[in-house]
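Student: sequence unavailable; structure follows:
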């Protein structure tokens, strides 16, 4: 009664199901691997955020330019003393917060030990448009004690635009904002505290990253479910065809 499985149509259906199963399994394994990578990434974030504060100078090693910071220190809270280079401040455009358009306010900070690090003092809402530069309250002058989270600088993926308004940039690229041997080029800081206060009321603090696993677990289970449904669907089709042929033979025998 199952000789119909040798028909070209049924051979094609069966082969399609056989090919779909390893494809669904591969997609599921891919999502599991992405989940595990995300869990590991989240673990590193939490560990570094909760790590004790340390002086930024203690993490500096020979690297890009004159100094750099190992990538494993991203999200680590560091402290340093120095003063703001307010006249070198820039705005990073197209940075939204809670679906509102705005800018990151990046101000170079000259440490007492000689190096310069870019600091994201906070987010400022756009005024009339994302093209116009808003008026940002300058940071205080004189000696400042600063605490911030380490963020890695992402390598530029496209050419630096040349048509931006004065004082605006498209990304945090320290070596472009303030070229020089003393500028730390591979990291910047997200300011979390300062003394005296260096974040005016027109700036909002950059929030800590949201620790989530993303949709990878549900996607992995979804691909497994598709595989199970494929098997069940094939069995149902075969069963229906079998019953239909059985009924047809019964009618012919009458």
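Tutor: Thanks, I have it. These numbers come from a predicted model, not from an experiment. Numbering: from 1, shown residues only.
Student: quick one, what contacts residue 151?
Tutor: 74-75, 120, 172, 187-190 (C-beta atoms under 8 Å, 6 or more residues apart in numbering). Bear in mind the C-beta positions are built from the backbone N, C-alpha and C, glycine included.
Student: could you measure from it over to residue 184?
Tutor: 12 Å (C-beta to C-beta, to the nearest Å).
Student: cool, residue 146 as well?
Tutor: On the measure of C-beta to C-beta, residue 146 and residue 184 end up 14 Å apart.
Student: likewise for residue 111?
Tutor: Distance from residue 111 to residue 184, by C-beta to C-beta: 9 Å.
Student: list residues touching both of these two?
Tutor: Joint contacts of residue 111 and residue 184 (C-beta under 8 Å, 6+ apart) are residue 117.
Student: please identify which of those two sits among more neighbours.
Tutor: The residue with more neighbours, out of residue 111 and residue 184, is residue 184; 24 against 19, by other C-beta atoms under 10 Å.
Student: and that one, what element?
Tutor: strand 183-195 (DSSP states H and E).
Student: how about residue 247?
Tutor: Assigned by DSSP H and E, residue 247 falls in helix 216-253.
Student: quick one: that helix to chain centroid distance?
Tutor: Once both centres are worked out by C-alpha atoms, centre = their mean, to the nearest Å, helix 216-253 turns out to sit 41 Å from its chain's centre.
Student: same check on stretch 42-59?
Tutor: With C-alpha atoms, centre = their mean, you get 18 Å for stretch 42-59.
Student: can you list the low-confidence ranges for the stretch 51-200 of the chain?
Tutor: Within the stretch 51-200 of the chain, the ranges that satisfy pLDDT under 70 run 62-67, 129-130.
Student: just the helices from it, written as ranges.
Tutor: 174-177 (DSSP state H, counting those that start in this stretch).
Student: so what's the most centrally placed residue in the chain up against?
Tutor: Among the residues of the chain, residue 209 comes closest to the average C-alpha position under C-alpha atoms, centre = their mean, at 9.0 Å. Neighbour list for residue 209: 45, 75 [criterion: C-beta under 8 Å, 6+ apart].
Student: farthest-apart pair in the contacts of residue 151, please.
Tutor: 75 and 172 (15.5 Å; C-beta to C-beta).
Student: tell me how many other residues crowd residue 73.
Tutor: 17.
Student: measure it to residue 49 for me?
Tutor: Taking C-beta to C-beta, one finds residue 73 at 11 Å from residue 49.
Student: check residue 111 too.
Tutor: Distance from residue 111 to residue 49, by C-beta to C-beta: 22 Å.
Student: hmm, back to that, same for the strand holding residue 184, what does it pack against?
Tutor: strand 102-111, strand 116-125, strand 144-152, helix 174-177 (3 or more C-beta pairs under 8 Å, 6 or more residues apart in numbering; DSSP states H and E).
Student: figure out which of these is closest to residue 228.
Tutor: Closest among these, using C-beta to C-beta: strand 144-152, at 41.3 Å.
Student: okay, the angle between the closest one and strand 183-195?
Tutor: 130 degrees (axes from the mean of the first three to the mean of the last three C-alpha atoms, to 10 degrees).
Student: buried set for strand 144-152?
Tutor: Applying a neighbour-count criterion of 16 or more other C-beta atoms under 10 Å, one finds 144, 146-151 buried in strand 144-152.
Student: let's have those residues in TSV, adding distance to residue 58.
Tutor: Output for the buried residues of strand 144-152, formatted as TSV (distance: C-beta to C-beta, whole Å):
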residue	distance to residue 58
144	19
146	15
147	14
148	15
149	16
150	12
151	18
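Student: and the two most separated of those?
Tutor: 144 and 151 (19.3 Å).
Student: okay, now residue 141: neighbour count?
Tutor: 10.
Student: doesn't residue 85 make contact with it?
Tutor: No - taking contacts as C-beta atoms under 8 Å, residue 141 lies outside contact range of residue 85: 10.6 Å.
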